[in-house]
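Asks: pasting the sequence and the predicted model now:
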Amino acid sequence: MRVIRTAFANLFVMAGGIAIVAVPLQVLLWIPDYFSVLSVLPIPQRSFWHGHALLVGYSQVVLGGYLLTRPGNRVIVPFSLFWLIAQISIFIPEPAGIYIGTFASISVFALLFIHAGLQFFRAAKRWKSALPGLVIGLLLLSEIIFQAGQVLQEPSASEVALRGVIWLLIILVFLMGGRIIAAATSGALQKRDMYQPYMAQGRLETYGVIALLVTGLSDLLVLPVAITTFFGAVAATIIARRLWNWRVWRVIDAFDLTSLHMGYAMLAIGLIFYICQISIGDAPSLVGLHGVMIGGFALLSITIMCRTVLQRLRFALVLPITMRIASVCILGAAITRMAAFQTVGTTEFLIASSLLWVAAFTLFLSTLVGIIWRFYKQPSSNGPPQNDHPFKT
């Protein structure tokens, strides 16, 4: 019997770790007289470190764990090493820290593109099948632009690059998340004798990609707000229509699916919040897209990571209660973070969102560690049978 590879799970653990560390470190900067608090802690030395860690650093290990299964340790080990160096480099004074971080972080995306992104092009029979590979390539390009902005001390270039990363991740989540959700929901409905045809919704997927692409380009190029709001609303409507066509209410009792549906819905809600925000006069910024990234990307990613670990380690695909609580905490973090855009109670909302975020990822990380520990506890090196539950006593 084929031995199960588990190195991918380490990348998911690293994703949970950086999510837990990056947010509290940023929260300390909101505390009055924070310099006295940080005097005993290392202080990040680079601008945009918080956004870069939670957008680039987090997405790198999430995508790496999900996609780097075929090459195994020969790629995952250097991938992990470069990633760790990139995260540590933010504490190294300039200019050494910038140069080290630039080389390491670009190397991570380069490895991801070579060993995962190019696979989409090689296997593609239609242009849409190659889109995830193209997005990974553009993520690499965005990272090069971000790091060039750091090296050349051009903060505007770094900020635009990070916003580009956000829109690329939204498109990638719309694509890959939609395909995962369609397949999982279709399988669940078939088991209940509720077969629903055309779950992939290829035409809606194409329209959604185009709408998101135009919205992102309009936002990055600072085109008239009307263009961004119109196409953003179209994209949100398409997401809502896909959820309706999936008949998600029929599997509402299956939380491993419901959490995916909630994350996908939060993409639409976050987009609507963002276009409403810029419609009333707020300038496009990284802050306005928190609703999409926390409620959509973060919730979908922790659910997909947990599902992936359960499936690949051959446990029953049932999310533990800790993951259910974590999903609720993520939703709460997204809602309170969006509420912080107003001038009343801003700090309180920010702190509440941060606490919920940390609670969610602490539960997620403990769940992953528990599943991995249970896997290695099995008497067989090939793990448990498919119908076993990781937390069954």
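Replies: Great, that's in hand. Residues are numbered from 1 along each chain as shown.

Asks: how far off centre is the host helix or strand of Gln26?
Replies: For Gln26, the host element (DSSP states H and E) is helix 7-27. Averaged C-alpha coordinates place helix 7-27 at 12 Å from its chain's average position (CA atoms, centre = their mean, to the nearest Å).

Asks: also stretch 266-273?
Replies: On CA atoms, centre = their mean, the centre of stretch 266-273 falls 15 Å from that of its chain.

Asks: contacting residues around it?
Replies: 170, 173-174, 215, 232-233, 235-237, 239-240, 288-297, 299-300, 331, 334, 338 (CB atoms under 8 Å, 6 or more residues apart in numbering). Bear in mind the C-beta positions are built from the backbone N, C-alpha and C, glycine included.

Asks: narrow those to those in helices?
Replies: Those of the contacts of stretch 266-273 mapping onto helices are 170, 215, 232-233, 235-237, 239-240, 290-291, 299-300, 331, 334, 338, per DSSP state H.

Asks: quick one on the thing from earlier: and the helix holding Gln26, what's buried?
Replies: For helix 7-27, the neighbour count (16 or more other CB atoms under 10 Å) marks 7-16, 18-20, 22-23, 25-27 as buried.

Asks: shaky segments in the stretch 251-393 of the chain?
Replies: Applying pLDDT under 70 to the stretch 251-393 of the chain flags residues 282-286, 380-393.

Asks: same question for the host helix or strand of Val61, mean pLDDT?
Replies: Val61 belongs to helix 58-67 when elements are defined using DSSP H and E. The average pLDDT for helix 58-67 rounds to 95.

Asks: nearest residue to Met194 other than its sequence neighbours?
Replies: Nearest in space to Met194, with sequence neighbours left out and distances taken as CB to CB, 6 or more residues apart in numbering, is Arg250 at 5.7 Å.

Asks: from what I see, that neighbour and Lys191 are in contact.
Replies: No. Using CB atoms under 8 Å, Arg250 is not in contact with Lys191, being 11.2 Å away.

Asks: who's more crowded, those two?
Replies: Higher neighbour count among Arg250 and Lys191: Arg250, with 15 against 11, using other CB atoms under 10 Å.

Asks: from Arg179, how far out is that one?
Replies: Using CB to CB, to the nearest Å, we find Arg250 at a distance of 19 Å from Arg179.

Asks: what of Val318?
Replies: Counting by CB to CB, the gap from Val318 to Arg179 is 22 Å.

Asks: do the same with Val251
Replies: The gap separating Val251 from Arg179 is 17 Å, by CB to CB.

Asks: the two: which is more packed in?
Replies: In this view Val251 and Arg179 are compared by other CB under 10 Å, and Val251 has more residues nearby, 22 against 15.

Asks: list the contacts for that one?
Replies: The contact partners of Val251, taken as CB under 8 Å, 6+ apart, are Thr185, Ala188, Leu189, Arg192, Leu257, Thr258.

Asks: neighbours of Asp256, how many?
Replies: 19.

Asks: returning to that earlier point: from the ones in helices among the contacts of stretch 266-273, which single one is nearest Ile43?
Replies: Nearest to Ile43, judged by CB to CB, of the ones in helices among the contacts of stretch 266-273 is His290 at 23.2 Å.

Asks: what helices or strands is the helix holding Gln26 leaning on?
Replies: Contacts defined by 3 or more CB pairs under 8 Å, 6 or more residues apart in numbering; DSSP states H and E place helix 7-27 against helix 49-52, helix 58-67, helix 73-88, helix 299-312, helix 346-377.

Asks: so which residue is dead centre in the chain?
Replies: Phe297 (4.2 Å; CA atoms, centre = their mean).

Asks: surely it meets Ile170?
Replies: Yes. Contact criterion CB under 8 Å: Phe297 and Ile170 qualify, at 7.3 Å.

Asks: chain center to stretch 263-270: distance?
Replies: On CA atoms, centre = their mean, the centre of stretch 263-270 falls 13 Å from the chain's centre.

Asks: next one: phi and psi at Ile280?
Replies: phi -90, psi 10 (degrees, to the nearest 10).

Asks: measure it to Leu223 for me?
Replies: 18 Å.

Asks: neighbour count for the two, which is higher?
Replies: Between Ile280 and Leu223, counted using other CB under 10 Å, Leu223 has the larger neighbour count: 12 against 7.

Asks: and the pLDDT at that one?
Replies: 91.

Asks: skipping adjacent residues, who's closest to it in space?
Replies: The nearest residue in space to Leu223 (CB to CB, 6+ apart) is Leu217, at 7.7 Å.

Asks: mind listing what's buried in the helix or strand harbouring the one you found?
Replies: Taking DSSP H and E as the criterion, Leu217 maps to helix 202-220. Neighbour counts using 16+ other CB under 10 Å place 204-205, 207-209, 211-212, 214-216, 218-220 of helix 202-220 among the buried residues.

Asks: buried residues in stretch 188-196?
Replies: Residues of stretch 188-196 classed as buried by neighbour count (16+ other CB under 10 Å): Ala188, Leu189.

Asks: tell me how far the ends of that stretch are from each other?
Replies: The first and last residues of stretch 188-196 sit 10 Å apart, counting by CA to CA, to the nearest Å.

Asks: turn the contacts of Val251 into a markdown table, columns for distance to Leu368 and secondary structure.
Replies: Below are the contacts of Val251 laid out as a markdown table (distance: CB to CB, whole Å; DSSP: H, G, I helix; E, B strand; the rest coil):
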| residue | distance to Leu368 | secondary structure |
| --- | --- | --- |
| Thr185 | 24 | helix |
| Ala188 | 23 | helix |
| Leu189 | 28 | helix |
| Arg192 | 29 | coil |
| Leu257 | 20 | helix |
| Thr258 | 20 | helix |
